[in-house]
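Student: please work out how this folds:
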Amino acid sequence: MRGRSLRALTALALTLPLLPTPASAQSPPPGTRTECNSAGLAVGAIGETRLQTYSDGQGRTVELWCIRGMFDSHFDLRMVEHGQSVTIAGCYFAQARNIGPTLHLAPSGAYTRVEWINESLTAAGTSYRFTYDVTARQVTVTASAACRPPATITLPPQPDFRHLERLLPPAEDCPPAG
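Tutor: The predicted model follows:
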């Protein structure tokens, strides 16, 4: 009996962070794995897996997908609205740490903005910051590197991860010092 109660409380605790809270921001539950690493030879795991789903109860859903290829894997953050799915952010470094999604809410509980940060683990200070404005349906991307000023672009969400990747400003590693 005690084991069942503990499991019920654990299940409740895991679902609470996913419920919208008016006029606030939501982040993924603690312990959410948001690291992109080269998958090596992943023949058995090739394909797409939806890892997280967040809904504002007003027709918008944010989905975090893991896309596995034969030699790599990455995250694809998507917004689904009126049955249409578009990519608004992702993991674009071979080894990276990701922060988000952070979901900003209107007092009604509707999503207003979605943020995602993709940081390189191999090049300190190199990152992409994605901010999706739900009302404007635009993604603002800021590429940062320690050796140059940030570069920012604003563009519509893209049909998939690869389309967005082709439009990103450069955020390559800085040349070695010395």
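
Student: nearest residue to the middle of this protein?
Tutor: L77 (4.4 Å; CA atoms, centre = their mean).

Student: ok, the closest residue to it other than its chain neighbours to A151 distance?
Tutor: Excluding its sequence neighbours, the residue lying closest to L77 (CB to CB, 6 or more residues apart in numbering) is A89, at 4.0 Å. No exception for glycine: its C-beta is placed from N, CA and C like everyone else's. Going from A89 to A151 by CB to CB, to the nearest Å gives 16 Å.

Student: now swap in S120 and tell me
Tutor: Note on S120: its distance to A151, by CB to CB, is 15 Å.

Student: rewinding a little: let me see the contact set for the residue nearest to L77.
Tutor: Counting by CB atoms under 8 Å, 6 or more residues apart in numbering, A89 touches L77, G100, P101, V114, W116, N118, Y128, F130, Y132, V139, L164.

Student: in stretch 75-95, what counts as buried?
Tutor: Residues 75-79, 81, 86-93 are the ones in stretch 75-95 that count as buried (16 or more other CB atoms under 10 Å).

Student: so what pairs up with A151 in the strands?
Tutor: Beta-bridge partners recorded for A151 (DSSP bridges): A143.
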